[in-house]
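Visitor: below: sequence and its predicted model.
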Amino acid sequence: MIQVVAYKIISTCTACGLCLPECPIDAIVAGDSIYVIDRDNCCDFEDCLAVCPVNAIVPSDNADAHAPALSPATSGRMIE
Ligand code: SF4
Ligand code: SF4
C-alpha cells in the first residue's frame with residue numbers, strides 16, 4: 001500500500017503560472033484568481049513545489065477523504 005499526499009494551493013498564490021508545466025499529470029489548473037490543484041488527481045511527485053516562488057503549494061488539509069483516520073501531519077490517501 002502506498003500513501004499519497006495531495007497538495008493544494010493557498011491564497012498567497014500570485015498566479016504566476018510557473019507550476020503549471022511542472023505537473024506531469026496536469027493536475028494544476030488556472031482558477032479565477034489563483035491556481036488550483038485537482039486534489040483527486042494530485043498524486044505526489046512534488047515537482048510543482050520547487051518552482052513556486054511564494055511557497056503557496058502545501059499539503060492539503062482535506063487530503064484525508066480517502067483515509068479519514070490520518071492526522072494532518074500525515075494526511076494523505078492510501079492507494080493499493
Ligand atoms: S504534487 Fe505532483 S501531482 Fe500534485 S500538483 Fe504538484 S506536480 Fe502535480
Ligand atoms: S508557482 Fe506558486 S504562485 Fe505561481 S501559480 Fe503556481 S502556486 Fe501560484
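Guide: It's in. Ligands and ions are numbered 1, 2, ... in the order given.
Visitor: my read: Ala15 touches Asp32, true?
Guide: No - under the criterion of Cβ atoms under 8 Å, Ala15 is not in contact with Asp32, lying 9.6 Å apart. Bear in mind the C-beta positions are built from the backbone N, C-alpha and C, glycine included.
Visitor: which of these two has more neighbours?
Guide: Using other Cβ atoms under 10 Å as the criterion, Ala15 and Asp32 rank with Ala15 on top: 14 against 6.
Visitor: output the below-cut-off pLDDT ranges for the protein.
Guide: By pLDDT under 70, the low-scoring segments of the chain are 1-2, 62-80.
Visitor: next to ligand 2, which bits of it? Give me the list.
Guide: 9, 13-19, 35, 51-52, 54, 56-57 (Cβ under 6 Å from any ligand atom).
Visitor: just the buried ones from those, in PyMOL syntax?
Guide: In PyMOL syntax, the buried subset of the residues of the chain next to ligand 2 is picked out as below (16 or more other Cβ atoms under 10 Å):
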select buried, resi 9+13+19+35+52+56+57
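Visitor: strands of the protein, start to end?
Guide: 2-4, 7-9, 28-30, 35-37, 57-59, 77-79 (DSSP state E).
Visitor: now the ones you listed in a markdown table, with distance to Asp44?
Guide: Listed next are the strands of the chain as a markdown table, based on distance: least, Cβ to Cβ, whole Å:
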| stretch | distance to Asp44 |
| --- | --- |
| strand 2-4 | 5 |
| strand 7-9 | 8 |
| strand 28-30 | 13 |
| strand 35-37 | 12 |
| strand 57-59 | 10 |
| strand 77-79 | 10 |
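Visitor: among the residues of the chain next to ligand 2, which are located in helices?
Guide: Using DSSP state H, no member of these sits in helices.
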